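# Pasted the sequence and its predicted model underneath.
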Amino acid sequence: MEDSSILSKIMLNLRSTSKYYTGYPKDLGPSRVIHFTSEREFVQLLHQGYPVVVAFTIKCNLTKHLDKVLEESAAEFYPHVKFMRVECPKYPGFCITRQKKEYPFVEVFHSPEQAANQGKVADPNITKYAVKVLTFKHDLSAYGFREFFKRQGIRSSDPK
């Protein structure tokens, strides 16, 4: 009887301290995924200088899995990488500009020089900016995002 309580304590300690424990449910805290509302908000997010992972979604079973992955990844990479979800039926104009036919898909918008150079002002009302768009073709998991950022040379966490 006492052995089972010791084993329970060991498992609780392991779950609370292990970085890679994959048991559910996970307490991720408040949602860090930003929901797309306008292109202006998106551009302001890009001007912060952080990579922005954008999931272009429609209602389907894969989107439910993608939402869980986005929540977990956003919690892990906050504040160095921003995660945004675009519901394409609500904002078709923004999604159509990506010229993709299969949904959902994920793209990473990143501009390393964006933080230093806030755009070239040609006219006071127009700001030009350059953003590198990377198509995400890795495993849809926090691990997949971690490997993607490592291969692209994107800083996704504090240096240790």
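Happy to help now that I have it.
# tell me, what residue is most central in the protein?
F83 (3.1 Å; Cα atoms, centre = their mean).
# Starting from the helix or strand where that one lies, tell me which strands it pairs with and how they run.
Using DSSP states H and E, F83 maps to strand 82-87. Sheet partners assigned to strand 82-87 using DSSP bridges are listed as strand 33-35 (parallel), strand 52-57 (parallel).
# Assess the claim that A74 and P30 are in contact.
No. The pair A74 / P30 is not scored as a contact, 10.2 Å apart, by Cβ atoms under 8 Å. All C-beta spots, glycine's among them, are computed from the backbone N, C-alpha and C.
# Of these two, which one has the most company?
A74 (22 against 5; other Cβ atoms under 10 Å).
# And the more buried one, how far from L7?
Plainly put, A74 is 34 Å away from L7 if you go by Cβ to Cβ, to the nearest Å.
# before we move on, the earlier item: run the chain-centre distance for the strand holding F83.
7 Å (Cα atoms, centre = their mean, to the nearest Å).
# tell me the mean pLDDT for that strand?
Computed over strand 82-87, the mean pLDDT rounds to 93.
# hmm, who's touching it?
With contact meaning Cβ atoms under 8 Å, 6 or more residues apart in numbering, strand 82-87 is reached by 32-36, 42, 45, 48, 50-58, 67, 70, 73-74, 77, 94-95.
# give me that answer again for 7 Å
Defining contact as Cβ atoms under 7 Å, 6 or more residues apart in numbering, one finds that strand 82-87 is touched by 32-36, 45, 50, 52-57, 70, 73-74, 94-95.
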